[in-house]
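got a predicted structure here, sequence first:
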Number of protein chains: 2
Amino acid sequence: MDPVSISSALQSFSAQWQPRRLATVNDHDVKIARISGEFVWHSHPDSDELFLVVDGHLSIDLRDDGTDSVVDLGPDEIFVVPAGVRHRPRAEAGTIIVMVEKVGTVNTGDAGGDRTSELRELGG
Amino acid sequence: MDPVSISSALQSFSAQWQPRRLATVNDHDVKIARISGEFVWHSHPDSDELFLVVDGHLSIDLRDDGTDSVVDLGPDEIFVVPAGVRHRPRAEAGTIIVMVEKVGTVNTGDAGGDRTSELRELGG
């Protein structure tokens, strides 16, 4: 592969909640997404999901064994949602995140629906 | 896990070439390291290795099937060294990198030697 620049990657797309692949490491993808507003509740039965906030602010609502909690992340902060844990990302306008998860993990997980976005390549 | 801040992580250690674990995603670790100068030639037979430069400048010498090349990375740039490819990182003073690779991957790979550093936890 050629080196990939996060800033160049961001210049190549503007769509919200449509992750782009930055790189693949073994069987894991590293993705970047622009996000804003509230996403859908979902879980990923087969993969943990790492969130790194590049810019903006991300809240992740979590529902685990009937216990609700919220994690708030600012720039350079990292959180991992374990496989199977229901979560709902919410972000302020202009938020940019990097994610790490197993190849084939879909953004809406087990929820499906019209927010589902196949992973896109950079520039695509 | 609790959220982890990259900047707080950096405040917790100063040693060079001694990666700290930021997070684990499935069977992959996300690590951070301060690096400066030249490392040893080595390869990781069992894992790709992703490098993201957080600050500074990293050059990665590569030797693959007898062909030598160099990849230069500045801040926010990403490169993946495929499993089995011999490489030698070289960095300017003050460089900070994040890595993603399989759990258990050792910094010196198949080379071993006194630069080998067991993965440390933050603050350790």
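Nice, thanks for sending it over. All figures in this text were calculated on a predicted structure; none of them were measured in a lab.

how about the strands in chain A?
In chain A, strands defined by DSSP state E lie at A:4-5, A:20-25, A:28-38, A:49-55, A:58-64, A:67-73, A:77-81, A:86-102, A:120-121, listed in chain order.

quick one: residue A:100 and residue A:27 touch, right?
No: the criterion here is C-beta atoms under 8 Å, and residue A:100 misses it with residue A:27 at 11.4 Å. Placement of C-beta: from N, CA and C, glycine included.

before we move on, back to that, out of the strands of chain A, which gets nearest to residue A:14?
Set against residue A:14 and scored by C-beta to C-beta, those come closest in strand A:28-38, at 6.8 Å.

what's near enough to touch the most centrally placed residue in chain A?
By C-alpha atoms, centre = their mean, chain A has its centre lying nearest to residue A:99, at 4.8 Å. Neighbouring residues of residue A:99 by C-beta atoms under 8 Å, 6 or more residues apart in numbering or on different chains: A:19, A:29, A:30, A:31, A:32, A:33, A:49, A:50, A:51, A:52.

of all the residues you listed, which comes closest to residue B:15?
Closest approach to residue B:15 among these (C-beta to C-beta): residue A:52, at 23.1 Å.

was I right about that closest one contacting residue A:75?
No: applying C-beta under 8 Å, one finds residue A:52 not in contact with residue A:75, separated by 9.2 Å.

residues in contact with the nearest residue to residue A:26 once chain neighbours are set aside?
Spatial nearest neighbour of residue A:26, excluding adjacent residues (C-beta to C-beta, 6 or more residues apart in numbering or on different chains): residue B:48 at 5.1 Å. Contact partners of residue B:48, counting by C-beta under 8 Å, 6+ apart, are A:24, A:25, A:26, B:80, B:81, B:82, B:83, B:101.

need the phi and psi values for residue B:48.
phi -60, psi 160 (degrees, to the nearest 10).

from the contacts of residue A:99, which are also near chain B?
When contact is defined as C-beta under 8 Å from any C-beta of the partner chain, the contacts of residue A:99 meet chain B at A:30, A:49, A:50.

which one of these is nearest to residue A:3?
Using C-beta to C-beta, residue A:30 comes nearest to residue A:3 of the ones next to chain B among the contacts of residue A:99, at 13.1 Å.

per-residue pLDDT, that closest one?
On pLDDT, residue A:30 comes in at 98.

just residue A:124 next, same as before
60.

cool, residue A:34 as well?
For residue A:34, pLDDT reads 98.

ok, and the closest non-adjacent residue to it?
Counting by C-beta to C-beta, 6+ apart, the residue nearest residue A:34 is residue A:16, at 5.3 Å.

which residues touch that neighbour?
Residue A:16 neighbours (C-beta under 8 Å, 6+ apart): A:33, A:34, A:35, A:36, A:37.

if I look at it, how far off is chain B?
Using C-beta to the nearest C-beta, to the nearest Å, we find residue A:16 at a distance of 21 Å from chain B.

now swap in residue A:112 and tell me
Taken as C-beta to the nearest C-beta, the span from residue A:112 to chain B is 22 Å.

same question, residue A:39
Separation of residue A:39 from chain B (C-beta to the nearest C-beta) stands at 18 Å.
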